[in-house]
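K.L.:
sequence plus predicted model, see below.
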Amino acid sequence: MNDTTRRGFIFAGATLAAGAVFLGLDRLSKSAVNADPDSQENAKPVTIVQFAPEGKRIGRTTLPKVRKSLDEWKKELTPGQFAVTRRAGTEEPYSGALLNELRAGIFRCADCGNALFDSKTKFESGTGWPSFWQVIAPENVYEQLDMSFGTARREVICTLCDAHLGHVFDDGPPPTNLRYCMNSVALKFTAAAT
């Protein structure tokens, strides 16, 4: 066996080992989305900011976290919603119904109705997913590290029901320079009254 073949086998083995490590990290990073709904951490009440249907801020309130089994979520959600919000999936770019939604209103969590984004902060990012430069209230979402695909990203999750919404990146427009890249199926839109 010559040196070139031996190096090829070593390189292939190292590549396979690295892939296995990243796959393991991917499973670990998604375990929080699929966490036991009866765990003590998930049982704690949460504080969010509520908004009226037309978008007027009502104020901060503490509510019990929305807790349902995966079977219950599966019965309530469409297959696409379940794959994204409960299994941390991603819809195909340019396939979402809310990508080109330009009316004034509020984007809410598709699973629980928690207010997430005001349409005033939506912008065209060219990525194929609805993008926003700011959340409607920082209390209404939280972030966690997502190591899927071997890349460190900031996953955005609904505070009230732990739905996976998408990711946030540091390449958005001023004034925040953030790009909340969301899945359409994770959102529902409520138009402002005219």
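P.N.:
Sure, I can see it.
K.L.:
which stretches of the chain have low pLDDT?
P.N.:
1-42, 194 (pLDDT under 70).
K.L.:
residue 49: what's it in contact with?
P.N.:
Shown in contact with residue 49 (Cβ atoms under 8 Å, 6 or more residues apart in numbering): 57, 58, 59, 60, 61, 115, 136, 137, 139, 140. Where C-beta positions appear, they are placed from N, C-alpha and C, glycine not excepted.
K.L.:
and residue 131, by the same measure?
P.N.:
122, 123, 124, 125, 172, 179, 180, 181, 182.
K.L.:
repeat that for 6 Å
P.N.:
Going by Cβ atoms under 6 Å, 6 or more residues apart in numbering, residue 131 touches 123, 125, 179, 181.
K.L.:
how about the first one, phi and psi?
P.N.:
What that stands for is residue 123. Main-chain dihedrals, residue 123, degrees, to the nearest 10: phi -150, psi 160.
K.L.:
distance of it from residue 178?
P.N.:
11 Å (Cβ to Cβ, to the nearest Å).
K.L.:
so if I had to pick from the two, which one is more boxed in?
P.N.:
Applying other Cβ atoms under 10 Å to residue 123 and residue 178 shows that residue 178 carries more neighbours, namely 20 against 13.
K.L.:
host element of the most centrally placed residue in the chain?
P.N.:
By Cα atoms, centre = their mean, the chain has its centre lying nearest to residue 165, at 2.1 Å. Using DSSP states H and E, residue 165 sits in strand 164-169.
K.L.:
tell me the first helix or strand C-terminal of that strand.
P.N.:
Assigned by DSSP H and E, the successor of strand 164-169 is strand 179-182.
K.L.:
for that next one, what is the distance to the chain centroid?
P.N.:
8 Å (Cα atoms, centre = their mean, to the nearest Å).
K.L.:
what's the answer for stretch 142-153, then?
P.N.:
That offset, for stretch 142-153, works out to 11 Å (Cα atoms, centre = their mean).
K.L.:
next, the buried residues of that stretch.
P.N.:
146, 147, 148, 153 (16 or more other Cβ atoms under 10 Å).
K.L.:
ok, now stretch 164-184?
P.N.:
164-169, 172, 178-184.
K.L.:
can I get these in CSV with distance to residue 190?
P.N.:
Below are these laid out as CSV (distance: Cβ to Cβ, whole Å):
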residue, distance to residue 190
164, 21
165, 16
166, 19
167, 23
168, 22
169, 26
172, 23
178, 23
179, 23
180, 18
181, 21
182, 15
183, 18
184, 15
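K.L.:
which two of those have the greatest separation?
P.N.:
Spatially, the most separated pair among the buried residues of stretch 164-184 is 164 and 172, at 19.6 Å (Cβ to Cβ).
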